[in-house]
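S.K.: pasting a predicted model and its sequence here:
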Amino acid sequence: GLYISDVSDVLFERCYIHDPRGKSNAWTGPSNGTENGLTWERVHPKGVRGITVRGRGNVVVRYCDILSSDDHRYNDVISGMGNGSFYGSFGKDADIYGNMLAFAQDDAIETDGGGMNLRFYKNRIEQTYTNISNAPTKAGPLYLFRNLLFNGGDEYFVSSVHLKQGGGSTHSHGRTFIINNTMEKAGTGIKGVGYDSDANRQHHLCTAYNNIVVVGKGSAISANANTRESDNVYDYNAIAIRTDEGGYEPADSTRGGQPFTMPNGSFGLPVYKSLSGADFHLTVFDDTAKDKGMVIPNMTDNYTESAPDIGAYEYKKDDYFLPFRPIDITANKYFVAGKGSITVKTGHIESIDYEVKIENAIKWLTVTPSKGRFEPNKTYTFDIKIDQSKMTRGEEQTIFLIRLKNGYSIPITVKAVNPDLVKLVAKK
């Protein structure tokens with residue numbers, strides 16, 4: 001979509017990058033082991049990318065929607081060149097915020113490289129194998145804060161980690177700060193997975209406070225045995241395992257396979273306004289994340305009650321939804337399973353035209369009305385219909401946009417299931 005190479009002082013905003021013509025392979029083939037006569041296992045994804053970048057400073061990407069589909073997934077949504085270089089990825093002095101990133105066989109974003117004063121915040125990530133890669137952070141500081149990471153998985157529903165780190169003694173000289181993110185249901189949470197060939201290739205420098213880290217299995221936080229406790233500081237995080245049935249199991253935090261404690265950690269599932277509707281604001285009933293965070297100057301000092309909250313949203317204060325857009329328009333649901341409807345409420349806005357945007361590869365989804373005009377302080381209903389006969393998989397997801405004439409948008413995820421195709425795959 002965009003190729004950014006060795007440039008500085010560039011702003012990309014309100015771009016809609018979509019419908020790649022090519023494809024990318026998943027790390028591992030489908031569970032039945034074959035696809036079109038091919039079998040493979042642990043083959044690094046190769047293929048199309050939404051953005052490819054090697055910046056030289058002051059590159060800004062904001063309020064963009066970078067989307068694809070199950071049949072045309074990206075390798076990485078944002079892919080960095082020169083992972084082991086100080087100029088790798090965005091390099092230095094960059095801001096990536098307010099973006100919708102989805103549908104990758106590998107990473108939603110690679111910040112791998114210098115990571116010098118690089119800020120990634122208020123973004124939303126879905127349907128990727130790994131959410132954020134910062135392996136390595138050579139210079140730092142790299143800031144990852146107030147992002148929403150959920151609904152992960154490649155085209156075969158395999159989810160790796162929320163956030164992967166590493167680089168060993170050769171590369172890991174910069175610190176990553178992971179602050180007030182909501183990470184909901186991946187394979188594992190924050191993990192050192194390694195980069196290059198050092199014996200301690202998983203080693204990294206990380207400070208993580210005030211994060212909700214919910215995983216599907218294993219460790220919510222996993223540091224390697226070669227990482228000293230002083231190198232990695234994890235506290236005031238809420239960690240849990242959410243089972244496939246929606247129940248709670250305790251998650252652990254480990255260093256070299258051995259448990260370590262978070263003195264001020266919180267253990268349990270947060271109570272969101274609507275998990276099924278992807279509204280991850282905390283409710284008055286929550287006792288896992290609300291008022292359990294740490295005061296961090298310039299980042300969490302505007303809290304509303306006795307202490308900052310853990311997670312991306314501050315209770316009673318943050319009435320916006322991620323990805324952040326500077327528009328006074330909200331939906332009642334941001335995730336819809338099956339047919340149904342959503343309502344969109346406008347606030348203090350000027351009258352503006354909108355159009356519904358659906359990936360060209362998605363033939364099974366209809367949203368009405370498909371275009372219109374928003375007026376201030378009104379409520380609008382959008383009907384969502386699914387034609388199962390046009391689906392090519394037993395389960396498919398897509399993200400449609402209610403895109404305004406000025407380029408801002410409201411992204412809505414739709415999940416569709418065709419039971420007949422599910423049975424056919426199971427039979428094979």
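M.R.: Thanks, I have it. Numbering: from 1, shown residues only.
S.K.: surely Ala108 meets Ile78?
M.R.: Yes - in this structure Ala108 lies within contact range of Ile78 using CB atoms under 8 Å: 7.1 Å. Placement of C-beta: from N, CA and C, glycine included.
S.K.: and for the nearest residue to Thr111 once chain neighbours are set aside, the neighbour number?
M.R.: Counting by CB to CB, 6 or more residues apart in numbering, Asn134 is the residue found nearest to Thr111 once chain neighbours are left out, at 4.6 Å. Neighbour count of Asn134, defined by other CB atoms under 10 Å: 32.
S.K.: who are the neighbours in contact with Asn134?
M.R.: 111-112, 115, 142, 144, 163-165, 176 (CB atoms under 8 Å, 6 or more residues apart in numbering).
S.K.: which one of the residues you listed is nearest to Arg393?
M.R.: Nearest to Arg393 among these is Lys164, at 27.2 Å by CB to CB.
S.K.: other SSEs contacting the helix or strand harbouring that closest one?
M.R.: Under the criterion of DSSP states H and E, Lys164 resides in strand 161-165. Strand 161-165 is packed against strand 124-134, strand 182-186, strand 188-192, with contacts defined by 3 or more CB pairs under 8 Å, 6 or more residues apart in numbering; DSSP states H and E.
S.K.: partners of the last one, with directions?
M.R.: As defined by DSSP bridges, the strand partners of strand 188-192 come to strand 161-165 (parallel), strand 219-223 (parallel).
S.K.: average pLDDT across it?
M.R.: Average pLDDT, strand 188-192: 86.
S.K.: now the angle from that strand to strand 124-134?
M.R.: Angle of strand 188-192 versus strand 124-134, following axes from the mean of the first three to the mean of the last three CA atoms, to 10 degrees, is 20 degrees.
S.K.: can I get the CA coordinates of strand 188-192 in PDB?
M.R.: Extracted in PDB, the C-alpha atoms of strand 188-192 (Å, rounded to 0.1, in the frame of the first residue of the first chain):
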ATOM      1  CA  THR A 188       0.400 -15.900  25.300                       C
ATOM      2  CA  GLY A 189       1.000 -12.300  26.500                       C
ATOM      3  CA  ILE A 190       4.200 -10.300  26.700                       C
ATOM      4  CA  LYS A 191       7.100 -12.600  25.800                       C
ATOM      5  CA  GLY A 192      10.700 -12.700  24.900                       C
END
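S.K.: how far off strand 182-186 does that strand point, in degrees?
M.R.: Per the same axes, to 10 degrees, the angle that strand 188-192 makes with strand 182-186 is 100 degrees.
S.K.: roughly how far out does strand 188-192 sit from the chain middle?
M.R.: How far strand 188-192 lies from its chain's middle: 14 Å, per CA atoms, centre = their mean, to the nearest Å.
S.K.: other residues contacting that strand?
M.R.: Taking CB under 8 Å, 6+ apart as the rule, strand 188-192 contacts 160-166, 178, 183, 202-204, 206, 208, 211, 213-215, 217-224, 227, 234, 239, 251.
S.K.: tell me which residues touch Leu148, please.
M.R.: Leu148 neighbours (CB under 8 Å, 6+ apart): 123-125, 181-182, 184, 280, 312, 322-323.
S.K.: what bits of the stretch 301-428 of the chain have low per-residue confidence?
M.R.: Along the stretch 301-428 of the chain, the model assigns pLDDT under 70 to residues 423-428.
S.K.: what segments of it are helices?
M.R.: 419-427 (DSSP state H, counting those that start in this stretch).
S.K.: also the stretch 151-300 of the chain?
M.R.: Under DSSP H, counting those that start in this stretch, the stretch 151-300 of the chain gives helices at 168-171.
S.K.: where does it dip in pLDDT?
M.R.: Looking at the stretch 151-300 of the chain by pLDDT under 70, you get 223-230, 255-257.
S.K.: tell me the gap between the helix or strand harbouring Val60 and the middle of its chain.
M.R.: Assigned by DSSP H and E, Val60 belongs to strand 59-62. Here strand 59-62 is found 17 Å from its chain centre; the criterion is CA atoms, centre = their mean.
S.K.: got the contact list for it?
M.R.: 4, 7-13, 51, 53, 78, 90-91, 94-99.
S.K.: quick one: the residue positioned nearest the centre of the chain from Lys390, how far?
M.R.: In the chain, the residue lying closest to the centroid (CA atoms, centre = their mean) is Ile125, at 2.3 Å. As judged by CB to CB, to the nearest Å, Ile125 and Lys390 stand 27 Å apart.
S.K.: and if you look at Gly84?
M.R.: Relative to Lys390, and taking CB to CB, Gly84 is found at 45 Å.
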